[in-house]
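*Asks:* only geometry, no sequence info:
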């Protein structure tokens, strides 16, 4: 058996052991009345990303990087079009702005929530 | 009447997307693998530092923490919270890049595939949960319906375990994706094991500029969110800590307060002129007024107070060495000491325990003054514990009773 296979098996077994310890902790140190809110927060965390944040970014990306440039191209028919690299860097800048400002916005919203309580 | 299937009469824009619909070049294994490595490193740091913090608060005999070095807990918890904040853009970016896999059909092709997808589901749920609840805890937003510390600790094992399993499963893809080095990002061809999403279909580029730009923007986002929050523990950066919930030097006597006397419901008891420390030890029980304590040998210590929520600051404390009190009670200078606060019994951190190594340390004090002045009520007047390399929640304030050793 190769070293890579051994490494993978050890990682998976260690991971399963950690999850087993989690299950033991859940059963022995977490009161049963917390299981439901715990489960809701776990599932809700995924739902928040998969149903809200990721689709929002996808739609935003489509609007800014696909739809708007297409509209501009249609209107500027017959004129000199923007060069390829300009589009590339516009895309990089827009994606970067969405990532940076989006992250800061999320933390700022939490700070605002905390300040208002 | 012929009934047509729903998929035939549904408008095209209403159908569920397929992985091939996501044509951005960032949905590529080369990007996913790199983000995975960064996030994996962050998860490892978070797990280890979180475990250290947990073991400080729930010590075990086989791995005791001592009072040296004095700055260790401050570094540990500052790192934990800073990396936790930096993980936010990493997690969002990682989930965004793999989002098309959410729509793979058929969703499950066999039991192995089902197990792999289940492990990914557990990893996503637990990682997002840890980052979200951790950030809410830093802002003291306890809206969970469960105790944060207990559940955050338990879920850390789930997240770390799921991450190990995921790395074990994906290791060959990660190695292949990274093996070609950063220049491979420039290639327009799909990366290893990538679905053949059109790399140029979004009208941006056929080269790797967008991928590198995306990774760069993730790094910038992580840097920004860290810079705007880390000032709560790296005090030179406090001027730009615009998103940090507290300024470590903003509070009575130039030091932040996590729990006020009013919140702890001790205002009346702590200002009672008849307050006296009850010192219980092998030699019996004695009562020491604040004047008695001030008349004893005083020692000054410059120590950081490091909160589990990530903020920390160094201050100058003066008071009586705990080991002197242990000796006075008839015990040994390295006997463990149980500390009781004026806070109502049963409330969080109304008691704490000082192991023998802490009791014996020069700088472990029953502090009476801060920065040369009597302790402010919110800092624990009439007396509080201050010790090196210790979580803030265990630096018990408004001390009413010390029990030395294990008196029967």
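*Replies:* Cool, got the structure. Since the model is a prediction, treat every value here as computed from it, not as a measurement. Numbers count the residues shown, from 1 in each chain, chains lettered A, B, ... in the order given.
*Asks:* check which element follows the lowest-mean-pLDDT helix or strand in chain A along the chain.
*Replies:* Within chain A, no helix or strand scores below helix A:68-75, which has a mean of 67 by mean pLDDT, DSSP states H and E. Next helix or strand after helix A:68-75 toward the C-terminus (DSSP states H and E): helix A:84-115.
*Asks:* packing partners of that next one?
*Replies:* Contacts defined by 3 or more CB pairs under 8 Å, 6 or more residues apart in numbering or on different chains; DSSP states H and E place helix A:84-115 against helix A:54-62, helix B:72-97, helix B:111-138, helix B:209-227. For glycine as for every other residue, the C-beta is placed from the backbone atoms N, C-alpha and C.
*Asks:* and stretch B:314-334, what's buried?
*Replies:* For stretch B:314-334, the neighbour count (16 or more other CB atoms under 10 Å in any protein chain shown) marks B:314-315, B:317-323, B:325-332 as buried.
*Asks:* quick one: which of those residues sit in helices?
*Replies:* If you go by DSSP state H, these have B:322-323, B:325-328 in helices.
*Asks:* go through those and name the one nearest chain A.
*Replies:* Using CB to the nearest CB, residue B:322 is the member of these that sits closest to chain A, with 30.3 Å.
*Asks:* is it true that the closest one touches residue B:367?
*Replies:* No - applying CB atoms under 8 Å, one finds residue B:322 not in contact with residue B:367, separated by 10.1 Å.
*Asks:* now the ones in helices among the buried residues of stretch B:314-334 in CSV, with distance to residue B:146?
*Replies:* CSV is the format used below for these (distance: CB to CB, whole Å):
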residue, distance to residue B:146
B:322, 34
B:323, 39
B:325, 38
B:326, 38
B:327, 43
B:328, 42
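*Asks:* partner residues bridging residue B:385?
*Replies:* On the basis of DSSP bridges, residue B:385 is bridged to residue B:366.
*Asks:* what pLDDT does it get?
*Replies:* In this model, residue B:385 is scored at 96, pLDDT.
*Asks:* burial measure for it, as a count.
*Replies:* 25 (other CB atoms under 10 Å in any protein chain shown).
*Asks:* which ones are touching it?
*Replies:* Shown in contact with residue B:385 (CB atoms under 8 Å, 6 or more residues apart in numbering or on different chains): B:322, B:339, B:352, B:354, B:364-367, B:394-397, B:399.
*Asks:* and it, how far from chain A?
*Replies:* The gap separating residue B:385 from chain A is 26 Å, by CB to the nearest CB, to the nearest Å.
*Asks:* again with residue B:315
*Replies:* Per CB to the nearest CB, residue B:315 is found 25 Å from chain A.
*Asks:* contact partners for that residue?
*Replies:* Residue B:315 neighbours (CB under 8 Å, 6+ apart): B:253-255, B:302-305, B:370-371.
*Asks:* okay but residue B:281 is in contact with residue B:329, surely?
*Replies:* Yes - counting by CB under 8 Å, residue B:281 does reach residue B:329; the two are 2.4 Å apart.
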